[in-house]
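Enquirer: Kindly return the folded structure for what I paste below:
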Amino acid sequence: MDTQRTIRIAGFAVSLFSISMIFGCAHYEVNTGRGDVPGIFIRSEMQDADRALDAARQAGKDKLCPAEFKEAEDARDHAYDVFRACHTAEGVALAKKATAMANALCPPQAAAAEAPLVVPAVQPTPGHYKYCVTLPIEFDIDRAVIRPQYKDDVARVGNFMKKYPTTTAVIEGHTDSVGSYDHNMELSQRRAESVVNDLVENYGIDRSRLAAKGYGFTQPIADNSTEQGRQKNRRIEAIIDCAFDVQKVQPPERLCMSLVVDFDSGKADVKPQYRDEIAKVADYMKQYPTTTAVIEGHTDNTGTPENNMELSQQRAENVVSYLADNFGIDRSRLSAKGYGSTRRISYNNTAEGRAQNRRIDAVIDCVVTK
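Expert: As a prediction, this is how the structure comes out:
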């Protein structure tokens, strides 16, 4: 009797355990170990965040909106930290938030039409040009104080803005990839602000004419795997807005001009009436024969992204051909790049905005022998 009683009790215990497993593990799944959480099973919400970020990365969203992607990634990592500390409910709630952030990354252009518009600093305004000057200022590690030996570099910007008092400038700070994203963003902002302060205090440039913007390591111009590349990436860019005749001033390192060239819908033919507009680029390149230029094509968001990329590339190539065939600019000095609708400068929800986004930009490298 005692043996039978023991068997019945054991059977009841096994059944009770099985029921608890069925009802207690409804939100658990096999642990892949990606979050360094021990055990065979883990809450599914934790790995949902992993899967959402993987899907976003495969869709290229880590490149399309890197800052927002990093925020979602950091939120997921924080969720795991809390979960590992045995705060299960709080960790799960944070993981759900990270999943939502990953799923909301890089909304489609139409959905983002009402979002705040940030015009790139190097984008020329109508009737203006952008002088882009790179300042190879080296800072001490983790500091933003400008060394005395770089006085002449800052003077290039200060003296230019004093000579042309209608100009304004955005001072951009850039870093290499050493250190965290947040730290480099903060450091690059401080370094840009240091250059702004120097221009105000030592050159008398009114602060209202200057703005500082830190980009951290999000816009490298060289490979961060080498010390030489990292040094190139640790830089200050001065983007100066100009409204005067560029033919009459000594050129900087890069000149960016926006051309008012309108195309028929879905077509890439350059109309004859835009000859004078394109001549601005040709005349400048003839005056400075060592210059080279990238002709950029941009569209509005009408049509598919693939078609817009192809159309903008064709329009840029046709402007290159126009410069070569009609003005004698050697093709080796020219290249074409289509950006489709990825670099809008206005909202696409009005006809006027779409017209502004359909444009050609010329980015001229000014390697001038003095």
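Enquirer: alpha carbons only for contacts and neighbour counts from here, please
Expert: OK.
Enquirer: for the stretch 1-150 of the chain, what spans make up the helices?
Expert: 2-24, 44-58, 61-64, 66-84, 88-103 (DSSP state H, counting those that start in this stretch).
Enquirer: Could you list every helix and strand in contact with the shortest one?
Expert: Which is helix 61-64. helix 66-84 (3 or more Cα pairs under 8 Å, 6 or more residues apart in numbering; DSSP states H and E).
Enquirer: Then the last one?
Expert: Under the contact criterion of 3+ Cα pairs under 8 Å, 6+ apart, the helices and strands touching helix 88-103 comprise helix 44-58, helix 66-84.
Enquirer: try 10 Å this time
Expert: Judged by 3 or more Cα pairs under 10 Å, 6 or more residues apart in numbering; DSSP states H and E, helix 88-103 is in contact with strand 41-43, helix 44-58, helix 66-84.
Enquirer: buried stuff in that helix?
Expert: Going by neighbour count (16 or more other Cα atoms under 10 Å), the buried part of helix 88-103 is 91, 92, 94, 95, 96, 97, 98, 99, 100, 101, 102, 103.
Enquirer: that older thread, Serialize the helices and strands packed on helix 88-103 to CSV and add fields for mean pLDDT.
Expert: Formatted as CSV, the helices and strands packed on helix 88-103 follow (pLDDT from 0 to 100):
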stretch, mean pLDDT
strand 41-43, 86
helix 44-58, 88
helix 66-84, 88
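Enquirer: which among the buried residues of helix 88-103 gets closest to residue 202?
Expert: For the buried residues of helix 88-103, the closest approach to residue 202 (Cα to Cα) belongs to residue 101, at 44.7 Å.
Enquirer: what about the nearest residue to the closest one once chain neighbours are set aside, how many neighbours?
Expert: Nearest non-adjacent residue to residue 101, counting by Cα to Cα, 6 or more residues apart in numbering: residue 72, 5.5 Å away. When neighbours are defined as other Cα atoms under 10 Å, residue 72 has 25 of them.
Enquirer: Am I right that residue 230 is in a helix?
Expert: Yes - Residue 230: assigned to a helix according to DSSP: H, G, I helix; E, B strand; the rest coil.
Enquirer: so who does it touch?
Expert: Contact partners of residue 230, counting by Cα atoms under 10 Å, 6 or more residues apart in numbering, are 175, 176, 177, 178, 217, 220, 221, 222, 223, 224.
Enquirer: show me the contacts for the fourth one.
Expert: It stands for residue 178. 184, 217, 224, 225, 230.
Enquirer: Can you redo these as a markdown table, where the extra columns are distance to residue 153, secondary structure and pLDDT?
Expert: Listed next are those as a markdown table, based on distance: Cα to Cα, whole Å; DSSP: H, G, I helix; E, B strand; the rest coil; pLDDT from 0 to 100:
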| residue | distance to residue 153 | secondary structure | pLDDT |
| --- | --- | --- | --- |
| 184 | 22 | helix | 91 |
| 217 | 22 | coil | 89 |
| 224 | 24 | coil | 86 |
| 225 | 27 | coil | 87 |
| 230 | 19 | helix | 86 |
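Enquirer: Which two among these are spaced furthest apart?
Expert: 184 and 225, at 16.7 Å, using Cα to Cα across the contacts of residue 178.
Enquirer: List buried residues within the contacts of residue 178.
Expert: Listed as buried from those are 184, 217, 224, 230; burial here means 16+ other Cα under 10 Å.
Enquirer: Output the below-cut-off pLDDT ranges for the chain.
Expert: Segments of the chain classed as low confidence (criterion: pLDDT under 70) are 1-26, 107-128, 243-253, 366-370.
Enquirer: Map the structural domains onto the sequence of it.
Expert: 2-103, 129-242, 252-370 (automatic domain parsing).
Enquirer: How far off centre is the first one?
Expert: In terms of Cα atoms, centre = their mean, to the nearest Å, the centre of domain 2-103 is set 32 Å apart from its chain centre.
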